[in-house]
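**Q** build me a structure from this.
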Amino acid sequence: MLRTATFLLALSVAGAAQAAHILVPQHAASINDALILAGPGGTVTVDEGIYHETIAIPFDGQTLRGHGHVRVDPGGLTGLVVPLGVTGTMVRGLQFQNAWFGMLLVGPDTRVRNCKVKNASSHGILVVGPEVTIEDSSVKDAGLTGVFVDADGCVILNCCIARTGEAGVSVMGDFNSIISSTIRETCAQGILIGDEAVPAMNNLVMACDIRLTGGDGIELCRMAFACSVRDNDIRDTSWDGIDVRWLSSGHSLTKNVIRGAGDCGIEVGGPDVFAGRNKVNKSWNDGIYMDGDAVNGVYLKNKVKSCMDDGFFVAGTGNSFTKNTAVHNHGFDLNSAVPLAANTYVDNVFLTSN
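**A** Below you'll find the predicted structure:
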């Protein structure tokens, strides 16, 4: 007790605004008290245990880190809040459980690393501030979306999201990236980009492993534009592997592997889409389906195999098809209202064997 009192007295003389390294519970009984003592730019290290509080980051540039198995249980409230105007926060090595939001990240340039969220009744992580990075973290058993991003310039990297009541990841801003992440057992989409009213432009989904979704594997919704979806492994989706919705346009879909889609492997309902080198296998409907709004697209070297209906179904115009292969499907189906000359076909192989 004497050592702790001496330490706190020294802090009070120096001023709470001076950065310090505070230990919990050695120097402060709660995480919030420790953050105040640490001051701007300070560091708080939390020893193993269960902490019943909602953590609110008070100053810029603070680092909050767990040592051992650190669990934060706010009793149904929010586990961690980075408020508006607080910048440069680093949080790592903590688990948030039994919360409303596991984390609410409003302040910009927040970094989350090696954290876990379990049993969130709302979103696992809600991101409102720009340029937030969530890395090597997990969200499991969220009542709504695993990670909901309503901001620009954010990165979700090497994360695991599972058992969500809605989408695994929802993105409503611009220039966000979802990379090398695993998504499982969602009640809706694996990844949802945009919605029916809010534009979402220039987002990237790359090298993700998406399986067992209750909706599409990846859905580019009506107000999504110029997104890149590449090198993803998408399997066993209830609906389409990749769904480009009506009015959603200008996307690049490349080198994705789609297997066992409950509807179409790739469904395109918007203009100016580039789809190249994708592999679609064993969809319950068409391999690649293009409706009447899928115009002026480019389809290059896609391979479709063993789908229950058509390899390609084309209802749009102004598209070009070059060196695509569709075998062991019903082959190629052109909508009766669309003349063959309305699209361009070069060196494609469409074989029918079922």
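**Q** contacting residues around the residue nearest to T78 when sequence neighbours are not counted?
**A** Leaving aside its chain neighbours, T78 sits nearest to F101 (4.6 Å; criterion: C-beta to C-beta, 6 or more residues apart in numbering). C-beta coordinates here come from the backbone N, C-alpha and C atoms, glycine included. Contacts for F101 (C-beta atoms under 8 Å, 6 or more residues apart in numbering) come out as 78-79, 120, 122-126.
**Q** pLDDT below threshold where in this structure?
**A** 1-17, 329, 331-337, 352-354 (pLDDT under 70).
**Q** mind telling me what element K140 is part of?
**A** strand 138-142 (DSSP states H and E).
**Q** other SSEs contacting the helix or strand hosting N98?
**A** Using DSSP H and E, N98 sits in strand 95-99. Contacts defined by 3 or more C-beta pairs under 8 Å, 6 or more residues apart in numbering; DSSP states H and E place strand 95-99 against strand 63-72, strand 116-120.
**Q** who are the contact partners of I22?
**A** Taking C-beta under 8 Å, 6+ apart as the test, what I22 contacts is 28, 34-35, 37-38, 42-45.
**Q** do the same with V106
**A** 81-84, 86, 128-129.
**Q** among those residues, which pair sits farthest apart?
**A** Among the contacts of V106, the pair separated by the greatest distance (C-beta to C-beta) is V86 and V128, at 12.2 Å.
**Q** and the contacts of V106, which are buried?
**A** 81-82, 86, 128-129 (16 or more other C-beta atoms under 10 Å).
**Q** which stretches of the chain form helices?
**A** 2-14, 31-38 (DSSP state H).
**Q** buried subset of the contacts of F101?
**A** 78-79, 120, 122-126.
**Q** re earlier: now the residue nearest to T78: phi and psi?
**A** Note on F101: its backbone torsions stand at phi -100, psi 130 [degrees, to the nearest 10].
**Q** now it: how far from V139?
**A** 11 Å (C-beta to C-beta, to the nearest Å).
**Q** same question, A224
**A** In terms of C-beta to C-beta, A224 sits 22 Å off from V139.
**Q** and what of I218?
**A** 18 Å.
**Q** got it, and I125?
**A** I125 is 6 Å from V139, by C-beta to C-beta.
**Q** could you name every residue contacting both of these two?
**A** Common neighbours of I125 and V139 (C-beta under 8 Å, 6+ apart) are 102, 117, 146-147.
**Q** nearest to V298 among these?
**A** After measuring those against V298 - C-beta to C-beta - the closest member comes out as V147, at 31.7 Å.
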